[in-house]
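Enquirer: Provided below for reference: sequence and predicted model.
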Amino acid sequence: MAKIHPQVPHPQAPFTTSTQETFTIWMKSLILSGKGCTVFDSSGQIVYRVDNYNCKCSDEVYLMDFSGKVLFTIRRKKFKLVRFWEGYRSFNGTVNNEDKNPAFQVRKTFRILRGDSICEVIVWLDKDKPCQYYQIETKPGKSTFKIVDKLGELIASVKRKQSKCGISLGEDVLTMVVEPHIDHSLIMGLIAVYSLINCKM
């Protein structure tokens, strides 16, 4: 199997860049027998991770950087019969238990006529600007999905990773491509929620 783990972690890179960025998502925790995922940049260095320990489909998870500093506290919520997820930005590297205003919210919607489902996303990263609306689109039975804005413009895409020879790696090894000027940590937070909704983490 192709090498997907790094040699030595490096300092946290900027969350937003002016160029398209490619990451590898390994749907495994670095903790023995743990649940979660580990994310590597194009140099093979750890940039993000989620560790659920022995609890799969947990109601609360933490997106962290390589050193374990919390970037988003992600919680499953329920209002009457509606279930959804909310992500709270952590600015001091610890679990966010104080902020009542989420940075994003995700809820799943089925489109019966199209035979697929989407996750509707509302983002409030900058409280001085209007909220943004995204969708996570997928097809039944496929590991490929994409995140688009309200105009249908591509924000990020995820698909099964292939080797340089074009051979698909395991189903737990994915390639994530993030478009320029998009917050990578936000996208990873949305992908973590998508994985939790589909019980993949």
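Expert: Here it is on my side, so go on.
Enquirer: I'd guess His39 is in a strand, am I close?
Expert: His isn't right for residue 39; it's Val. Yes: assessed by DSSP: H, G, I helix; E, B strand; the rest coil, Val39 belongs to a strand.
Enquirer: burial of it, as a residue count?
Expert: Val39 has 24 neighbours, counted by other CB atoms under 10 Å. No exception for glycine: its C-beta is placed from N, CA and C like everyone else's.
Enquirer: report the beta-bridge partners for it.
Expert: On the basis of DSSP bridges, Val39 is bridged to Ile25, Tyr48.
Enquirer: so what's the closest residue to Thr175 other than its chain neighbours up against?
Expert: Computed as CB to CB, 6 or more residues apart in numbering, the closest residue to Thr175 that is not its neighbour in sequence is Lys161, at 4.4 Å. By CB atoms under 8 Å, 6 or more residues apart in numbering, the residues touching Lys161 are Ala2, Thr24, Ser168, Leu169, Val173, Leu174, Thr175.
Enquirer: switch to 7 Å and redo it
Expert: Each residue near Lys161 by CB atoms under 7 Å, 6 or more residues apart in numbering is listed here: Thr24, Leu169, Val173, Leu174, Thr175.
Enquirer: skipping adjacent residues, who's closest to the fourth one in space?
Expert: Right, Leu174. Distances taken as CB to CB, 6+ apart put Ile25 closest to Leu174, at 4.3 Å, once the chain neighbours are dropped.
Enquirer: let me see the contact set for the one you found.
Expert: Contact analysis of Ile25 by CB under 7 Å, 6+ apart lists Cys37, Val39, Leu174, Met176.
Enquirer: re earlier: can you add secondary structure and give the contacts of Lys161 back as CSV?
Expert: What follows is the contacts of Lys161, written out as CSV (three-state DSSP):
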residue, secondary structure
Thr24, strand
Leu169, coil
Val173, strand
Leu174, strand
Thr175, strand
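Enquirer: could you dump these into a markdown table and include distance to Lys150 and pLDDT?
Expert: Shown next, in a markdown table, are the contacts of Lys161 (distance: CB to CB, whole Å; pLDDT from 0 to 100):
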| residue | distance to Lys150 | pLDDT |
| --- | --- | --- |
| Thr24 | 29 | 96 |
| Leu169 | 33 | 81 |
| Val173 | 31 | 93 |
| Leu174 | 25 | 94 |
| Thr175 | 25 | 96 |
